[in-house]
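Engineer: Quick one: sequence plus predicted model below, questions after.
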Amino acid sequence: MVGWRVDDVVQLIRGEKGTVVRLSVIPSNADNDFDREIVSITRDTVQLEDESAKSEIVEIERDGETYKIGVIDLPTFYIDFQALQNRDPNYRSTTRDVRELLEDLKAQRG
């Protein structure tokens with residue numbers, strides 16, 4: 001998959017829930033391209049919520065003053081390709097979620 005577009009790879013792996021897809025993997029420490037392992041994955045619904053961007057405001061003290069800092073936790077990059085392809089105006093993506101979180105943090109800074 002090196003050099004492939006992520007959405008092309010997703011299209012190859014995507015399929016009916018409960019079915020098995022087998023991936024031929026070359027480990028990073030392999031001596032040659034023939035040292036492959038087969039990894040079987042059962043297809044299921046992917047939940048983006050656990051991996052979605054989250055924000056919080058933390059207070060820190062420095063030189064006797066308290067400062068509020070907005071922190072965004074981004075565990076992974078993501079996009080809901082299916083919703084995007086279906087032209088859902090509310091599809092989930094890292095870019096859209098971080099933009100919303102930044103706007104929320106700006107509104108809270110008062």
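Structural biologist: Structure received.

Engineer: which sections of the protein are below the confidence cut-off?
Structural biologist: Along the chain, segments meeting pLDDT under 70 span 1, 46-50, 110.

Engineer: Look through it and tell me its longest helix.
Structural biologist: helix 94-108 (DSSP state H).

Engineer: Please, where are all the strands along the chain?
Structural biologist: Along the chain, counting by DSSP state E, strands occupy 20-25, 37-42, 54-62, 65-73.

Engineer: dump the residue contacts of the spatially most distant residue from the centre of the chain.
Structural biologist: Residue farthest from the centre of the chain, counting by CA atoms, centre = their mean, is residue 64 at 38.5 Å. The contact partners of residue 64, taken as CB atoms under 8 Å, 6 or more residues apart in numbering, number zero. (C-beta placed from N, C-alpha, C; glycine too.)

Engineer: could you measure it against residue 10, distance?
Structural biologist: Distance check for residue 64 against residue 10: by CB to CB, to the nearest Å, it reads 52 Å.

Engineer: and if you look at residue 23?
Structural biologist: 13 Å.

Engineer: and if you look at residue 89?
Structural biologist: Residue 89 sits 21 Å away from residue 10, going by CB to CB.

Engineer: Who has more neighbours out of those two?
Structural biologist: Here residue 89 and residue 10 are compared on neighbour count by other CB atoms under 10 Å; more neighbours surround residue 10, at 13 against 5.

Engineer: close enough to count as contact, the more buried one and residue 81?
Structural biologist: Yes: using CB atoms under 8 Å, residue 10 is in contact with residue 81, at 5.9 Å.
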